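J.: Below are the sequence and a predicted model for it; my questions follow.
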Amino acid sequence: KAGVTQTPRYLIKTRGQQVTLSCSPISGHRSVSWYQQTPGQGLQFLFEYFSETQRNKGNFPGRFSGRQFSNSRSEMNVSTLELGDSALYLCASRQTGDEAFFGQGTRLTVV
Amino acid sequence: QKEVEQNSGPLSVPEGAIASLNCTYSDRGSQSFFWYRQYSGKSPELIMFIYSNGDKEDGRFTAQLNKASQYVSLLIRDSQPSDSATYLCALRGGGFKTIFGAGTRLFVKA
């Protein structure tokens, strides 16, 4: 059974640009959540989607957005990138329980 | 007060010893509790979850939950150098949001 797949694995962008990250959950999992991980702040919750609906959102500016498609795949978008957005972005999927399984992450570097 | 508090460590234990990792939380409505292991440069990996007060054992790992005192702990018996990693405590309550602690770095000395 394939795990959570995140693409791309690595990304370098320039300040002011925008970026879209993709997450394909484990087959049969309908819930996808996104996290930002930095050395100083640890794992910070961005948002969670279930059946194409955002169920909750963390304390991030409106530049961070996401969506989920009918096949449960999810994307997150960051507009007007800032240096501080450099981080590891992790996606996690859930089936019916609360246990979350993480993808390998996308390492975003903003220069 | 942070929602989930963990000692950042590093916690250093000799090979074969018991490693004890602790976590306290502030939201009494939290219902589900998790321990994740994260190796350097890798993503978090779920190793234990616990929903009810008491102990839950899985191989060398035991999770302990005390909702009245608002703490959850993880014991690793017969610690191995391969257990050296950062251990993240997480909880989930209402609101479909999982909150993570900052993690405790564990170092097992061979």
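T.: Received the coordinates, thanks.

J.: Give me every residue in chain A lying close to chain B.
T.: A:31, A:33, A:35, A:42-43, A:45, A:48, A:50, A:55-56, A:58, A:90, A:92, A:98-105 (Cβ under 8 Å from any Cβ of the partner chain). Yep, even glycine has a C-beta here, placed from its N, CA and C like the rest.

J.: Please check those and keep the buried ones.
T.: A:31, A:33, A:35, A:42-43, A:45, A:48, A:50, A:56, A:58, A:90, A:92, A:98, A:100-105 (16 or more other Cβ atoms under 10 Å in any protein chain shown).

J.: Give me the subset of the residues you listed that lies in strands.
T.: A:31, A:33, A:35, A:42-43, A:45, A:48, A:50, A:56, A:90, A:92, A:101-102 (DSSP state E).

J.: Quick one: name the residues of chain B near chain A.
T.: Close to chain A, as judged by Cβ under 8 Å from any Cβ, chain B has residues B:31-32, B:34, B:36, B:42-46, B:49, B:88, B:92, B:95-103.

J.: hmm, try it at 10 Å
T.: B:2, B:4, B:6, B:8, B:31-34, B:36, B:38, B:41-46, B:48-49, B:51, B:86, B:88, B:90-103 (Cβ under 10 Å from any Cβ of the partner chain).

J.: out of these, which are buried?
T.: Applying 16+ other Cβ under 10 Å to those, the neighbour count classes B:4, B:6, B:32-34, B:36, B:38, B:43-44, B:46, B:48-49, B:86, B:88, B:90-93, B:96-103 as buried.

J.: Of those residues, which belong to strands?
T.: B:4, B:6, B:32-34, B:36, B:38, B:46, B:48-49, B:86, B:88, B:90-92, B:98-100.

J.: neighbours of residue B:5, just the number please.
T.: Neighbour count for residue B:5, taken as other Cβ atoms under 10 Å in any protein chain shown: 16.

J.: The worst-scoring helix or strand of chain B on mean pLDDT packs against which elements?
T.: Lowest by mean pLDDT, DSSP states H and E among the helices and strands of chain B is strand B:98-100, with a mean of 90. Counting contacts by 3 or more Cβ pairs under 10 Å, 6 or more residues apart in numbering or on different chains; DSSP states H and E, strand B:98-100 packs against strand A:31-38, strand A:42-50, strand B:4-6, strand B:32-38, strand B:85-92.

J.: Tell me how far that strand lies from the chain's centre.
T.: When C-alpha coordinates are averaged (Cα atoms, centre = their mean, to the nearest Å), strand B:98-100 and its chain have centres 12 Å apart.

J.: Can you list the strands that that strand pairs with?
T.: Sheet partners assigned to strand B:98-100 using DSSP bridges are listed as strand B:85-92 (antiparallel).

J.: Give me the angle between the strand it pairs with and strand A:31-38.
T.: On the basis of axes from the mean of the first three to the mean of the last three Cα atoms, to 10 degrees, strand B:85-92 is oriented at 130 degrees to strand A:31-38.

J.: average pLDDT across strand B:85-92?
T.: Taken as a whole, strand B:85-92 has an average pLDDT of 94.

J.: One more: stretch B:49-68?
T.: Per-residue pLDDT values across stretch B:49-68 average out to 95.

J.: follow-up on the earlier one: farthest-separated two in the ones in strands among the buried ones among the residues of chain A next to chain B?
T.: Largest separation among those by Cβ to Cβ: A:42 and A:50, giving 24.2 Å.
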